[in-house]
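A.B. asks: With the input below, show me the fold.
(one chain, ligands or ions: 1)
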Amino acid sequence: MRIVILGSGRGSNAEAILEAQQAGRLGRAKVVQIFSDRADAQILTLGPRFGVPATFLDAAPFKTKLDGDGEQHYIAAILACRPDLIVLAGFMRVLKLPFLSRFEGRIINLHPSLLPSFPGLDAIGQAFRRGVKITGCTVHEVTLDVDGGPIIDQAAVRIDDDDTLESLAAKVHEAEHRLLPGVIARLSQERVP
Ligand code: GAR
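C.D. replies: You can find the predicted model right below:
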């Protein structure tokens, strides 16, 4: 299973995927390319470390969505990778119909809350401020309904009384780093309906 990862930031989840691959815990999956829409994103530094091509791909002209020329660039570059699965690991752009229909059923996203609670930006902050006692993370299929596609798997995180936003974020990320590689491994072994 050939995987392309898209990310915009730190890349800690991409790192967890690549570490799982190195440790033989990614099933039949193999990361073949990382693309980032930000030239200065830390995720790009994973390329040389793990021997995977990691490339900045301009998504202009829009800032929060993948549309127009940027979308066409992404479609062409990803098609050239012949992916079986596209993993959004902190890719902070909304995907539109041309991209989604080109890769239908083959795009998954990681979101830092127990969807359908707290979709959108700053999901960890939303949960913290709302005062819920359980939050977590979700891997779901990407559809036109932003953060609303079919849920593949989730992990729960307890918010303790002495948690701060920072300590909660650390717990959610830790849960994400276990959840996402596990889902990819199971998808590669066709163990997910
Ligand atoms: C992760 O917490 C992921 O759930 C979130 O961005 C972070 C990326 O971290 N994604 C979203 O909020 C998508 N709406 P990373 O760059 O260290 O993997």
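A.B. asks: Quick check: the gap between the residue sitting nearest the centre point of the chain and Arg130.
C.D. replies: The centroid of the chain falls nearest to Ala89 when counting by C-alpha atoms, centre = their mean (2.2 Å). Distance of Ala89 to Arg130, computed by C-beta to C-beta, to the nearest Å: 25 Å. For glycine as for every other residue, the C-beta is placed from the backbone atoms N, C-alpha and C.
A.B. asks: could you pull out the helices for the protein?
C.D. replies: 12-22, 46-50, 68-80, 97-102, 123-130, 165-188 (DSSP state H).
A.B. asks: Please name whichever of the ones you listed is nearest to Gln154.
C.D. replies: Judged by C-beta to C-beta, the one of the helices of the chain that comes nearest to Gln154 is helix 165-188, at 7.4 Å.
A.B. asks: got the buried residues for the closest one?
C.D. replies: For helix 165-188, the neighbour count (16 or more other C-beta atoms under 10 Å) marks 168, 171-173, 175-177, 179-185, 187-188 as buried.
A.B. asks: can you check stretch 44-61 too?
C.D. replies: Going by 16+ other C-beta under 10 Å, stretch 44-61 has these buried residues: 44, 46-47, 50, 52, 54, 57, 59.
A.B. asks: what's the farthest-apart pair in these?
C.D. replies: Farthest pair in the buried residues of stretch 44-61, by C-beta to C-beta: Phe50 and Ala59, 23.2 Å.
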